[in-house]
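Have a look; sequence and predicted model below, questions after that.
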Amino acid sequence: MKTLLFGTAGVPRCSPGTSTISGLETLKKIKLDCLEVEFVQRVSLGEETARKVRKKAEELGLPLSVHAPYYINLNSHDPEKLIASRKRLIDAAKAAFLLGATEVVFHPGFYQGDSPDRTFGKIKDELAMILEEISSQGIFLSLRPETTGKHNQFGSLEETLRLVREVPRLKPCLDFAHLHARRGYHGKEDFLKDLERVGEVLGGGSLKDLHVHVSGINYSKSGEVNHLNFSDSDFPFDKLLEAFFSLEVSGRVICESPNLERDARLLKKRWREIVKINPQD
C-alpha cells in the first residue's frame, strides 16, 4: 500500500515568518509532508525567489503544488474578464514550473445563466487553448479543476470527472468539503461511492494519484458558505480516511481549515492510527 502525504494550503499559522521558505521549514519541523502554494488574488513570484523555494523544498523533501488565483471564470461573458482568467491560470502554471510543482489547482468558473452543457463546452474549449499555450512554452504539468462548493459554480463531481476524461493533461482536485456542502456525507459508504466513481470514470490508477482538499465547512441550501475547523463542523473526516484506507488510495491531502496545520496534523495522526502506525514515530 502506498501512502498519503498531508500538508497545508499556504504557510502554516505557527510559522515564525510569512514566506514560503519559512512555511516549508515549519512544515518539516512539525512533521507534515507537502505544501500547496496559494496565489489568492494574483501570481506574484520572481524567478530568483522561485529558485530559492524550489531548492528548499527539494532539500526538505516536501512536494509542492500550486493553487491558481480564485478570480478565474473560464465561462465569463465579459471578454476582458475571460482574457484575465486565462492569464491568471497560465501565470500560475508558469509559477508552478519555476517552483518545481507538478500540480496546479483551479476553480473553473460559474454558469452565469448558461446551461450546464453550454458551460461545460466553453470551459473545455478554454482549457484546450490554455494547455496548448503552456505546452508551447515548454511547460508540462497537470492542471487540476477543483470540485466546487456552490450550486451556481461549475464543478460538481460528475462535471469535474467528465472534464478530466475529455481534456488531456487534466486531473481532478477532489475537495470533499465542497462536495459535502453540495449534498452531504454521512458515513464511509458515501465517500466510497464517490471514490469508486472516480476510479470507474478515470481508471483505477487515478486513485493512486489523488489530490484532495479537506476542511470543516459551513453551508446552506445554496452550498458552501465558508470553511471551518473540524471541531466546528459536521464533516466526518475520519470516515473519509477510512474510505481511503479501504481503497488503498495514494496522493496528497491538503488541509484548508482555518487552523491549517492543527487539522492537517489531526488528519495525519488519525491516518496513522488507521494504518496501525504508532503516531509517536
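Now that the structure is in, tell me what you want to look at. Numbering: from 1, shown residues only.

Which positions within stretch 177-196 qualify as buried?
Neighbour-count burial for stretch 177-196, counted by 16 or more other C-beta atoms under 10 Å, picks out 177-182, 185, 188, 190-192, 194-195. For every residue, glycine as well, the C-beta is placed using N, CA and C.

and if you look at stretch 147-166?
147-150, 153-157, 159-161, 163-164.

on that earlier part again, output the buried residues of stretch 177-196 as TSV; include the columns distance to residue 79 and secondary structure.
Shown next, in TSV, are the buried residues of stretch 177-196 (distance: C-beta to C-beta, whole Å; DSSP: H, G, I helix; E, B strand; the rest coil):
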residue	distance to residue 79	secondary structure
177	33	helix
178	29	helix
179	32	helix
180	35	helix
181	31	helix
182	30	helix
185	39	coil
188	46	helix
190	41	helix
191	41	helix
192	44	helix
194	36	helix
195	39	helix
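
picking that back up, any idea which of the buried residues of stretch 147-166 is closest to residue 173?
residue 147 (7.0 Å; C-beta to C-beta).

in terms of contact, does that closest one touch residue 179 like I think?
Yes - assessed by C-beta atoms under 8 Å, residue 147 is found in contact with residue 179 at 5.5 Å.

shared neighbours, these two?
Common neighbours of residue 147 and residue 179 are listed as residue 157 (criterion: C-beta atoms under 8 Å, 6 or more residues apart in numbering).

which element is residue 243 on?
Taking DSSP states H and E as the criterion, residue 243 maps to helix 237-247.

got the CA coordinates for that helix in PDB?
Output of helix 237-247 as PDB, limited to C-alpha atoms (Å, rounded to 0.1, in the frame of the first residue of the first chain):
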ATOM      1  CA  PHE A 237     -13.200  13.400   8.100                       C
ATOM      2  CA  ASP A 238     -12.500  10.100   9.900                       C
ATOM      3  CA  LYS A 239     -14.900   8.300   7.600                       C
ATOM      4  CA  LEU A 240     -13.100   9.800   4.600                       C
ATOM      5  CA  LEU A 241      -9.800   8.400   5.900                       C
ATOM      6  CA  GLU A 242     -11.300   5.000   6.400                       C
ATOM      7  CA  ALA A 243     -12.600   5.100   2.800                       C
ATOM      8  CA  PHE A 244      -9.100   6.000   1.700                       C
ATOM      9  CA  PHE A 245      -7.700   3.000   3.600                       C
ATOM     10  CA  SER A 246     -10.300   0.600   2.200                       C
ATOM     11  CA  LEU A 247      -9.500   1.500  -1.400                       C
END
